[in-house]
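> the following comprises the amino acid sequence and a computationally predicted model.
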Amino acid sequence: MAKWESEPVQDTDAARQAAEVAVELSEREQPPDPRRLVRSLRAVARSAARVAGRAWRGAGTAGRGAASLLNWLTTQIIAMGPRLRIRDQATLRAQFPGRSDEEIGELLIDHAARAATAVGGATGAWAALPILPAFPAEVAAETLAVVGIELKLVAELHEVYGLPVQGNVVDKMTAYVGAWAQRRGVALAPGGIVLAAGSPLARQLQRRLAARAGRSVFSLGPLLTGAAAGGMLNRRETRKLGRILSLDLRKRSPYVF
């Protein structure tokens, strides 16, 4: 059974709010209202600060604080997965009539990259305000939102290419979390994926999250340089993930492209 055994998931408001942001941005056809997006990210950050901020401050040293924040992010990612709305193949074909499945896959990557860009830009603009947000809460907020966007992309690419994961929603989304961490399509049955603390997959997930959180720091650059840098990095990395997954899934797809 899929699980994370290091500590129970506590205060999942941040996961729920980040999932809402990820779904709304990923499915939008038009650019989001920047002010509304900033407000949404602030709500995620406030929820994150209640737990992540205390974990950082209570850990004593920067190294231990970072580890505590990383553990908290991991539990939130596991909690966020089942809260993401995933469109199945039939829904995607209906929303993009006249498009081939491969063209739909490309559109999903474009939408996800645009959504991730918006999050990076909003975080950077937020950091440029006279009253600065409290690090590391905003790093956690951007990380959760962008990972949510990318998890939704991973799951919907599996749907597009005719390779959806079977099982209940928790097991399916845990499998997609594993695919996000490993940068390839799901190769194991959901029940065979166990995100136990200390397992190779769990360590790989935390390494990916550490890299993702590290990129979020660029959004906090001085004035509006952070907005530009954060948006650019998010767009590049989300698009890269989508391309890698598409190539892998296309090889195993039951359809001929």
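Everything's here; your move.
> model confidence score at the spatially most central residue of the chain, please.
Note on the chain: the residue nearest the mean C-alpha position is V147, at 1.0 Å, using Cα atoms, centre = their mean. Model confidence at V147, expressed as pLDDT, equals 96.
> offset the numbering so it begins at 656, please.
In the new numbering, first residue 656, that becomes V802.
> next, it: phi, psi?
Note on V802: its backbone torsions stand at phi -60, psi -40 [degrees, to the nearest 10].
> L799 is in contact with E675, isn't it?
No: L799 is not in contact with E675 according to Cβ atoms under 8 Å; the separation is 10.9 Å. Yep, even glycine has a C-beta here, placed from its N, CA and C like the rest.
> more neighbours, the two?
In terms of neighbours (other Cβ atoms under 10 Å), L799 is the more surrounded of L799 and E675; the figures are 33 against 19.
> which ones are touching the more buried one?
Contacts of L799 were listed using Cβ atoms under 8 Å, 6 or more residues apart in numbering, and they are A669, A670, A673, V699, A703, L728, Q731, I732, M735.
> show me where the stretch 756-905 of the chain dips below the pLDDT cut-off.
Low-confidence segments of the stretch 756-905 of the chain, defined by pLDDT under 70, span residues 779-791, 843-854, 871-885.
> please redo it, this time with the cut-off set to 80
Residue ranges of the stretch 756-905 of the chain with pLDDT under 80: 776-793, 842-857, 868-886.
> please, where are all the helices along it?
756-782, 792-815, 824-837, 855-871, 880-907 (DSSP state H, counting those that start in this stretch).
> which of the ones you listed sits closest to R748?
Within the helices of the stretch 756-905 of the chain, the stretch nearest R748 is helix 756-782; the backing value is 7.0 Å (Cβ to Cβ).
> isn't L860 right next to A834, touching?
No: contact between L860 and A834 fails when scored by Cβ under 8 Å: they sit 10.8 Å apart.
> can you list residues touching both of those two?
Any residue near both L860 and A834 by Cβ under 8 Å, 6+ apart counts here, and not one turns up.
> and the closest residue to D765 other than its chain neighbours, how many neighbours?
The spatial neighbour of D765 that comes closest, neighbours along the chain excluded (Cβ to Cβ, 6 or more residues apart in numbering), is R894 at 8.0 Å. Residues within reach of R894, counting by other Cβ under 10 Å, total 18.
> identify all contacting residues around stretch 682-697.
Applying Cβ under 8 Å, 6+ apart, the set of residues contacting stretch 682-697 is 672, 675-676, 679-680, 766, 769-770, 773-774, 776-778, 780-781, 788, 793, 796-797, 800.
> pull out the buried residues from it.
Along stretch 682-697, these residues count as buried under the neighbour rule (16 or more other Cβ atoms under 10 Å): P687, L692, V693, S695, L696, R697.
> so of these, which ones are in strands?
Counting by DSSP state E, none of the members of those fall within strands.
> tell me the one among the residues you listed nearest to D756.
Checking those against D756 with Cβ to Cβ, the nearest one is P687 at 26.9 Å.
> now the closest one: phi and psi?
When quoted as degrees, to the nearest 10, the phi and psi of P687 stand at phi -70, psi 160.
> same check on I741?
phi -110, psi 120.
> right, and it touches A810 too?
Yes: applying Cβ under 8 Å, one finds I741 in contact with A810, separated by 4.5 Å.
> neighbour count: these two, which is higher?
For I741 versus A810, the count of surrounding residues by other Cβ under 10 Å is larger for A810: 26 against 21.
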